[in-house]
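**Q** The sequence and its predicted three-dimensional model are supplied below.
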Amino acid sequence: MTTIRPKNVFVLFGVLIGCLLLMTDVRGAELEVTAEQRIEITIQNSKFVLNEPANLQRGIPTVLILRNQDIVRHGFTSSMLEGMRVDGEVGGMAVYGKGIEGFYVDPWKILVLRFTPTRPGRYQFHCDIHHGMKGEVFFLEMNTA
């Protein structure tokens with residue numbers, strides 16, 4: 001049986017305190033944490049419905065979640081994807097890279113896209129199967145104070 005001596009406890013405690021100090025910014029400056037921004041879109045009755053409109057900013061990692069709640073397959077394509085690295089996952093299949101023009105989402109499936117928008121502006125998206133289905137998002141240029 002191993003016994004823990006008081007000296008060993010103090011050494012272990014000292015090592016833990018040292019690790020915590022190394023992880024803390026000792027100069028008192030704030031550490032910048034970049035969070036993801038989310039876009040949630042639902043397809044219902046052959047319409048794109050933006051669930052929670054938000055102020056989206058250029059340059060912040062973005063997660064777009066598209067839920068197809070229709071009984072037919074829909075497409076999702078947009079100029080906002082042009083030239084950006086896009087990671088996409090739908091129905092257990094992952095696709096990533098540049099030059100991705102769009103995705104198809106089967107009934108009751110969810111498409112998850114991850115990208116970082118590089119240009120501010122208004123971006124339209126549409127279903128390339130059903131030409132009347134359209135929507136848009138805005139990415140703003142936000143200056144920090």
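**A** On my side now, so go ahead.
**Q** In the protein, what residue spans correspond to helices?
**A** 6-23 (DSSP state H).
**Q** Would you map the strands across it?
**A** Using DSSP state E, the strands of the chain run over 37-44, 47-50, 56-57, 62-68, 74-78, 86-90, 93-97, 102-105, 110-115, 121-126, 134-140.
**Q** Which other helices and strands does the third one contact?
**A** Put plainly, it is strand 56-57. strand 37-44, strand 134-140 (3 or more CB pairs under 8 Å, 6 or more residues apart in numbering; DSSP states H and E). Just so you know, the C-beta spots here come from the backbone N, C-alpha and C atoms, and that holds for glycine as well.
**Q** got it, and the fourth one?
**A** Other helices and strands packing on strand 62-68, by 3+ CB pairs under 8 Å, 6+ apart, are strand 37-44, strand 110-115.
**Q** residue contacts, residue 89?
**A** Neighbouring residues of residue 89 by CB atoms under 8 Å, 6 or more residues apart in numbering: 95, 111, 112.
**Q** actually residue 50, sorry about that
**A** Listed by CB under 8 Å, 6+ apart, the contact set of residue 50 reads 39, 40, 41, 135, 137.
**Q** farthest pair in these?
**A** Of all pairs drawn from the contacts of residue 50, the greatest distance, 12.0 Å, lies between 40 and 135 (CB to CB).
**Q** one step back: buried ones from the contacts of residue 89, can you make that a ChimeraX selection?
**A** Buried subset of the contacts of residue 89, written as a ChimeraX selection, criterion 16 or more other CB atoms under 10 Å:
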select :111
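**Q** Going through the contacts of residue 89, which one is the model least confident about?
**A** By pLDDT, residue 95 ranks lowest within the contacts of residue 89, coming in at 89.
**Q** State the distance from that one to residue 121.
**A** Look at residue 95 and residue 121: by CB to CB, to the nearest Å, they are 24 Å apart.
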